[in-house]
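Colleague: Structure of the sequence below:
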Amino acid sequence: MDKLYIIIPAYNEEENIRSVITQWHPVAEKAGPDSRLVIIDDGSQDHTYQVALELKKRYPQLIVLTKANQGHGATVLYGYKYAICEGADYVFQTDSDGQTLPTEFPVFWKNRQECGLLIGHRIHRGDGVSRLFVTKVLRLVLLAVFQIWVKDGNAPYRLMRCSQLREVLKKVPKDFFLSNVLITVIYTKKKLGVYYYPITFLPRQGGENSINLKKIFGIGKKSFRQFLALRRKVGE
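Modeller: Coordinates of the predicted model:
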C-alpha cells in the first residue's frame with residue numbers, strides 16, 4: 001500500500017489549525033495506516049503549535065513538528081525532505097488557512113500513477129483580485145525567464161512521487177522562498193509529467209494573511225533575480 005504524507009506548513013494559524021487537521025486527517029487515514037498528516041509549525045507567535053499538539057491525542061496519524069521561523073518556502077522544503085526521509089511514497093502539500101478542500105483530493109490520489117506533479121489549478125478563487133493578478137504576472141515572468149507556460153505555478157495543492165521529488169529537490173536552493181514555483185518549473189521544463197486538475201480556492205477561513213501586497217512585490221523582485229540566476233541550472 002502506498003504511503004502518503006500530507007505536508008501542511010503553518011504560521012500563526014491558531015484560528016484555523018484545528019479545523020484543518022479535522023478535515024485532512026481522514027484523508028491520511030483513508031490512504032492507509034502508514035500514511036501521515038504532518039503539521040509543521042514555522043515558529044508561530046500564537047498557539048498554533050500547542051493547539052495542533054493537543055490534537056495528537058485524538059488523531060493517531062497526526063505528526064506535529066515545530067522549528068524556527070524561515071518562511072513558507074523553506075518550511076515546504078523542510079516538509080518534503082522530512083517525508084522523503086520517513087520513507088513516504090507520495091507527498092501532498094496544502095496550506096493551513098482552510099482555503100482548500102479535502103473533498104477534491106480523491107481524483108489526485110486516484111491518478112497518482114501519473115506523477116510527476118499533479119497540481120490543483122485554482123479556477124474558483126476567493127482570495128481576492130490582487131492575488132489573481134499576482135498569479136497572472138507570475139505566469140509571464142516564468143514564460144520570460146524559462147520559456148515555459150505554467151497555469152498555476154504556486155498553487156498549494158500538489159501531489160508528487162517522492163522518488164522523483166528527491167532528484168528535483170537537488171536543483172532547489174536551500175530555503176528558497178518560492179520553492180513550489182521553482183519545483184513546478186523544474187517538472188515542467190524537464191517534462192517530468194505535470195497534470196492539472198481544477199480545484200476550488202476558498203477565502204481564508206480565519207486569521208490574517210502574513211503576506212501583504214507590498215511584501216508580495218518585494219518577494220517578486222527578489223525571486224525574479226533568483227530565477228534569472230537559476231535559469232541555467234534548471235535547464236541542465
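
Colleague: now what about stretch 146-158, what contacts it?
Modeller: Contacts with stretch 146-158, where a contact means CB atoms under 8 Å, 6 or more residues apart in numbering, come from 92-95, 99-100, 104, 117-122, 135, 138-139, 142-143, 178, 180-181, 184-185, 188-189, 196, 199, 227, 231, 234-235. Glycine gets a C-beta too; all of them are placed from N, C-alpha and C.

Colleague: Can you get me the start-to-end distance on that stretch?
Modeller: 21 Å (CA to CA, to the nearest Å).

Colleague: One more: stretch 44-59?
Modeller: OK, stretch 44-59 end separation, CA to CA: 22 Å.

Colleague: can you pull the buried residues of it?
Modeller: Buried residues in stretch 44-59, counted by 16 or more other CB atoms under 10 Å: 44, 48, 49, 51, 52, 53, 55, 59.

Colleague: C-terminal to the strand or helix carrying residue 19, what's the next element?
Modeller: For residue 19, the element it lies in under DSSP states H and E is helix 17-31. As assigned by DSSP H and E, the chain's next helix or strand after helix 17-31 is strand 36-42.

Colleague: now that following strand and helix 17-31, what's the angle there?
Modeller: 150 degrees (axes from the mean of the first three to the mean of the last three CA atoms, to 10 degrees).

Colleague: residue ranges for the strands of this protein, please.
Modeller: Secondary structure of the chain (DSSP state E): strands at 4-10, 36-42, 62-67, 90-94, 117-125, 157-161, 194-201.

Colleague: any idea which of the ones you listed is most buried?
Modeller: Across the strands of the chain, averaging neighbours per residue (mean count of other CB atoms under 10 Å) puts strand 4-10 on top, at a mean of 26.

Colleague: So which elements touch it?
Modeller: Using 3 or more CB pairs under 8 Å, 6 or more residues apart in numbering; DSSP states H and E, the elements in contact with strand 4-10 are helix 17-31, strand 36-42, helix 72-85, strand 90-94.

Colleague: so can I have CSV of the ones you listed showing distance to residue 113 and mean pLDDT?
Modeller: Formatted as CSV, the helices and strands packed on strand 4-10 follow (distance: least, CB to CB, whole Å; pLDDT from 0 to 100):
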stretch, distance to residue 113, mean pLDDT
helix 17-31, 14, 98
strand 36-42, 21, 98
helix 72-85, 18, 97
strand 90-94, 10, 98
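
Colleague: Any chance of the ones you listed in CSV with distance to residue 9 as columns?
Modeller: Shown next, in CSV, are those (distance: least, CB to CB, whole Å):
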stretch, distance to residue 9
helix 17-31, 11
strand 36-42, 5
helix 72-85, 4
strand 90-94, 8
